[in-house]
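K.L.:
coordinates only, sequence not included:
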């Protein structure tokens, strides 16, 4: 059983990742969710996180995290996720409320009190995780591992150089990749291979009706249109790759490399700079995925949700 702290900037693929974690309860124990600034502003990512968590039956606490990056100006990904961050989706009036207190402080205390047991999963900008690392000298060494979505060994998707999560807070990403803990990263090199294509969409539609099926299809209606307009493609399952890895690491192939993040270059700000393959490196970069097994796991989670 993987015990995780799940740091999210809940847009459409984050919502699918949260739902996967909820559906894979035998493999993953979500200790808490922290909403951070990213795809949209913190107030919206917090609202989206609370709504999704309640809709998929996650009873764990939901906290707020950082409202802005460490140093850079705030950026957003509204073209892909809409004004709310989850456009196209209507939720029932919810009962779940955010926990009082800061999620970063909660994460620090939780990890320090459970050394070696907890994986910190970040699928938005890494601001919250970087603050945890810098706030306490024992935080990184007390983690089981770090799992993130972000980066690229080629071109970016936010700029020619930078992937969005890294571009959202490059200084935070540099701290995370070089904190000394084991980091498992799902960069664009692997996530762009995991596409929710027309065949998968039809399979989702053919599943028996449920509240989650209705919710997912409403999310996908907007997300598919946004991806076709902005990317000329069906959606890529960026954030769900982290959850799939935790449930079944053998789905993915990795290369060990040292990673640094460009924080000075005007044209390359946010670029992930990787070394040659190095068996002593602490960063494991995903490079390939068994798509058949990924989607088998996705539907296993899907069918477990009501």
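P.N.:
That came through, no problem. All values reported here derive from a predicted model rather than from experimental measurement.
K.L.:
pLDDT value on the residue most central in space within the chain, please?
P.N.:
Closest to where the C-alpha atoms of the chain average out (C-alpha atoms, centre = their mean) is residue 123, at 2.1 Å. Note on residue 123: pLDDT of 98.
K.L.:
who's in contact with it?
P.N.:
Residues in contact with residue 123, defined by C-beta atoms under 8 Å, 6 or more residues apart in numbering, are 6-9, 13-14, 17, 148-149, 165, 238-239, 242. To be clear about C-beta, it is placed using only N, CA and C from the backbone, and glycine gets the same treatment.
K.L.:
let's see it at 10 Å
P.N.:
6-11, 13-14, 17-18, 36, 38-39, 147-150, 165, 186, 238-243 (C-beta atoms under 10 Å, 6 or more residues apart in numbering).
K.L.:
apart from its neighbours in sequence, what residue is nearest it?
P.N.:
residue 239 (4.0 Å; C-beta to C-beta, 6 or more residues apart in numbering).
K.L.:
the one you found contacts residue 10, correct?
P.N.:
Yes. Using C-beta atoms under 10 Å, residue 239 is in contact with residue 10, at 9.4 Å.
K.L.:
from residue 5, how far out is the residue nearest to the centre of the chain?
P.N.:
Applying C-beta to C-beta, to the nearest Å, the value for residue 123 to residue 5 is 12 Å.
K.L.:
and what of residue 195?
P.N.:
28 Å.
K.L.:
what do you get for residue 117?
P.N.:
Here residue 117 is placed at a distance of 11 Å from residue 5 (C-beta to C-beta).
K.L.:
which element follows the helix or strand harbouring residue 176 toward the C-terminus?
P.N.:
Element membership of residue 176 [criterion: DSSP states H and E] is helix 170-177. Counting by DSSP H and E, the next helix or strand C-terminal to helix 170-177 is strand 183-186.
K.L.:
buried residues in that following strand?
P.N.:
183, 184, 185, 186 (16 or more other C-beta atoms under 10 Å).
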